[in-house]
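Colleague: got a predicted structure plus its sequence, pasted below:
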Amino acid sequence: MSAAVRVQSYEDLVRAIDERRQARGWTLARLNFEAGLQEGYAEKLRIGGARGGRHYGPVSLPLTLAALDLDIVLTEQEPTP
């Protein structure tokens, strides 16, 4: 069983994807290849969100998650006291 990562913002999502990529020892070029993305696209996604540029979308997100063997699971937030 894998450890869950809490993602509550777009930046958290990008960070989690990047950490998984690094844990596999993949470069951004390798992620592009494995996900079937254009050359340089993963880097644009990685830095784009912080700069108002490219964001993961309905095509790039599923391709990236599949390449990294990741799933997204939605759960209810714990109520705040």
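Modeller: Received the coordinates, thanks.

Colleague: going forward, measure contacts and count neighbours with C-alpha atoms only.
Modeller: Fine.

Colleague: list of residues touching stretch 18-31?
Modeller: 37, 39-40, 42-43, 46, 64, 67-68 (Cα atoms under 8 Å, 6 or more residues apart in numbering).

Colleague: top of those by neighbour count?
Modeller: A42 (25 neighbours; other Cα atoms under 10 Å).

Colleague: in this protein, where is pLDDT below threshold?
Modeller: 1-2, 48-52 (pLDDT under 70).

Colleague: again, only this time at 50
Modeller: For the chain, the stretches with pLDDT under 50 are 1.

Colleague: any idea which helix is longest in it?
Modeller: Taking DSSP state H as the criterion, the chain has its longest helix at helix 10-23.

Colleague: can you pull the buried residues of that helix?
Modeller: 13-14, 16-18, 21 (16 or more other Cα atoms under 10 Å).

Colleague: so which helix or strand takes in the nearest residue to S60 once chain neighbours are set aside?
Modeller: Spatial nearest neighbour of S60, chain neighbours left out: L37 (7.3 Å); criterion: Cα to Cα, 6 or more residues apart in numbering. For L37, there is no enclosing helix or strand under DSSP states H and E.

Colleague: L37 against P62, yeah?
Modeller: No. Using Cα atoms under 8 Å, L37 is not in contact with P62; the gap is 11.1 Å.

Colleague: can you pull the contacts of the residue most central in space within the chain?
Modeller: Centroid-nearest residue in the chain, with Cα atoms, centre = their mean: I17, separated by 3.2 Å. I17 makes contact with 65, 68 under the criterion Cα under 8 Å, 6+ apart.

Colleague: ok so, going back, how far is the longest helix of the chain from where the chain is centred?
Modeller: 5 Å (Cα atoms, centre = their mean, to the nearest Å).
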